[in-house]
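[1] Next comes the sequence, and after it the predicted model I'd like to discuss.
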Amino acid sequence: MKSALSHIKVLDLSRVFAGPWATQNLADLGAEVIKIERPGRGDDTRAWGPPFLKDQHGQETRDSSYFLSVNRGKKSVTVDISTPEGQEIIREIAKDVDVVIENYKVGTLARYGLAWEDLRKINPRLIYCSITGFGQTGPLADLPGYDFVFQGMGGLMSMTGQPDDAPGGEPMKVGIAISDLTTGMYATTAILAAIEHRRLSGEGQYIDLSLLDCTVALTSYMAINYFLSGKVPQRQGNAHTNMVPYQVFKCKDGNIIIAVGNDSQFVSLCKVLGIPEIGTDERFSTPGQRNRNRETLIPLLSEILMNKTMDEWVSMLEPANVPCGPIYNLAQVFEQKQVKHRELLLSLPHSAGVQAPAVASPIKFSGTPIQYTKSAPQLGEHNAEILEGRLGFSEQKLRELKGKGII
């Protein structure tokens with residue numbers, strides 16, 4: 001059975017996280033992804049360890065957890081694109097691909113003759129996606145930047161963390177590189193839309209994505225809260241700005257998340273807690289009323305929830321259709337029965353002769369299921385396959401290029 005994108009070829013000139021996340025999504029969907037890496041060193045994230053994958057002898061490979069997490073199913077080819085010979089190799093590969101994705105600083109690939117305007121001349125149907133920190137235009141376009149910077153500049157950290165007057169109160173970043181991952185997801189969506197547009201029109205196109213833009217877009221309803229109210233959203237820890245109760249509560253043993261989203265769920269919560277009269281109290285009868293009177297409601301609920309353990313409350317609230325749950329660490333996440341049933345933990349063959357762990361794509365297709373083939377490639381693993389088998393380079397040519405440090 002063919003995968004959804006088995007007919008698509010991708011030239012991946014991106015490094016680190018946002019671009020590789022997008023191209024891993026495309027590889028999961030069946031696209032052939034040729035990842036270009038620097039000879040000798042490869043993608044920066046190969047070295048972002050420990051931990052590193054260990055081979056069958058227990059020795060550390062050159063592949064870190066970071067690299068493994070965003071590069072499965074790809075083909076690695078080493079090319080020094082700063083050299084004329086390397087640039088010509090990239091142009092030869094680009095003639096026969098559908099998508100190019102890159103995340104170099106603005107103007108870098110233009111100096112190498114590998115920009116959108118250059119490659120579209122040899123491949124008019126090409127879809128070319130550029131990912132940068134600030135975008136291709138604007139006063140900050142030339143500046144570099146990492147995920148952490150954009151979580152701050154994009155407003156996420158101003159809304160994340162405990163309030164200033166609470167213990168540990170300060171702006172807080174998300175525990176993962178959310179700006180990178182979000183940009184990678186937007187890139188995937190944009191590329192798929194461009195592929196569909198090309199199917200109808202026959203035309204390729206250029207995609208300009210920035211981490212700052214994508215992070216600002218992620219503020220979504222919080223931004224609209226500000227525009228409608230004129231009030232800048234403040235950090236509220238684990239509480240929700242609009243819905244109440246929608247936060248973490250301490251229990252006799254552990255903590256529980258209670259996420260009430262409508263009036264019937266609130267009535268059910270109050271019945272389980274033994275305070276049915278609160279469920280029909282006019283002060284708390286609508287989401288707006290609960291929000292306005294949260295300073296009265298939350299202490300009342302908090303006191304009651306301290307009387308039982310987290311497991312006891314979960315066992316009582318789930319049958320009552322009250323959205324709730326525990327806070328798991330990652331060891332617990334992959335042991336829970338639902339995650340096991342959904343087969344989210346993968347074990348994929350790696351060229352080091354071992355199985356490498358991976359987290360599965362959450363996408364479940366009925367007709368074109370995702371087919372996982374291999375873990376992330378070793379550096380330059382597919383040089384011969386692509387350069388000799390695809391481009392027709394002789395073995396002598398490959399030796400010459402390798403001797404010059406071009407591949």
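    All right, it came through fine.
[2] List the contacts of whatever helix or strand Ile93 lives in.
    Element membership of Ile93, judged by DSSP states H and E, is helix 84-94. Residues from elsewhere that reach helix 84-94 (CB atoms under 8 Å, 6 or more residues apart in numbering): 11, 13, 34, 36, 77, 79-81, 100, 112-114, 118-119, 122-123, 126, 386-387, 390-391, 401, 404, 406-407. The C-beta positions use only the backbone N, C-alpha and C, and glycine is treated the same way.
[3] same thing with stretch 341-358?
    If you take CB under 8 Å, 6+ apart as the criterion, stretch 341-358 is touched by 53-56, 61, 63, 68-69, 72, 334, 339, 359-360, 362, 372-378, 381.
[4] cutoff 10 Å now
    The contact list for stretch 341-358 (CB atoms under 10 Å, 6 or more residues apart in numbering) reads 24, 53-63, 65, 68-69, 72-73, 76, 333-336, 338-339, 359-362, 364, 372-378, 381.
[5] Equivalent analysis for stretch 105-119, please.
    By CB under 10 Å, 6+ apart, stretch 105-119 touches 11, 13, 81-84, 86-88, 90-91, 94-95, 97, 100, 102, 104, 126-130, 132-138, 141-144, 204-208.
[6] average model confidence for that stretch?
    Taken as a whole, stretch 105-119 has an average pLDDT of 97.
[7] Span of it from start to end?
    17 Å (CA to CA, to the nearest Å).
[8] Run a quick neighbour tally on Asp98.
    Asp98: 22 surrounding residues under other CB atoms under 10 Å.
[9] Wait, it touches His7, no?
    Yes - counting by CB atoms under 10 Å, His7 is a contact partner of Asp98 at 8.2 Å.
[10] list residues touching both of these two?
    Ala31, Glu32, Ile195.
[11] Am I right that the first one is in contact with Ile127?
    No - with contact defined as CB under 10 Å, Ala31 and Ile127 do not form a contacting pair (11.7 Å).
[12] which residues do those two both contact?
    Joint contacts of Ala31 and Ile127 (CB under 10 Å, 6+ apart) are Ile8, Val10, Val97, Asp98, Val99, Ile191, Ile195.
[13] List the residues that contact the closest residue to the first one other than its chain neighbours.
    This points to Ile8. Excluding its sequence neighbours, the residue lying closest to Ile8 (CB to CB, 6 or more residues apart in numbering) is Ala31, at 4.1 Å. Shown in contact with Ala31 (CB under 10 Å, 6+ apart): 3-10, 12, 23, 25, 73-74, 97-99, 191, 195.
[14] 6 Å instead?
    Applying CB atoms under 6 Å, 6 or more residues apart in numbering, we find Ala31 in contact with Leu5, Ile8, Val10.
[15] where does the last one fall, phi/psi-wise?
    Here the main-chain torsion angles of Val10 (degrees, to the nearest 10) amount to phi -120, psi 130.
[16] and it, what are its bridge partners?
    Here Val10 sits in beta bridges with Val33, Val99, going by DSSP bridges.
[17] quick one: secondary structure of the residue of the chain most remote from its centre?
    Within the chain, Glu277 marks the point farthest from the mean C-alpha position, 44.1 Å out by CA atoms, centre = their mean. The three-state assignment at Glu277 reads helix, by DSSP: H, G, I helix; E, B strand; the rest coil.
[18] That one: what's its closest spatial neighbour, skipping adjacent residues?
    Nearest non-adjacent residue to Glu277, counting by CB to CB, 6+ apart: Cys270, 7.7 Å away.
[19] how close does the one you found sit to Met316?
    The spacing between Cys270 and Met316, counted by CB to CB, to the nearest Å, is 13 Å.
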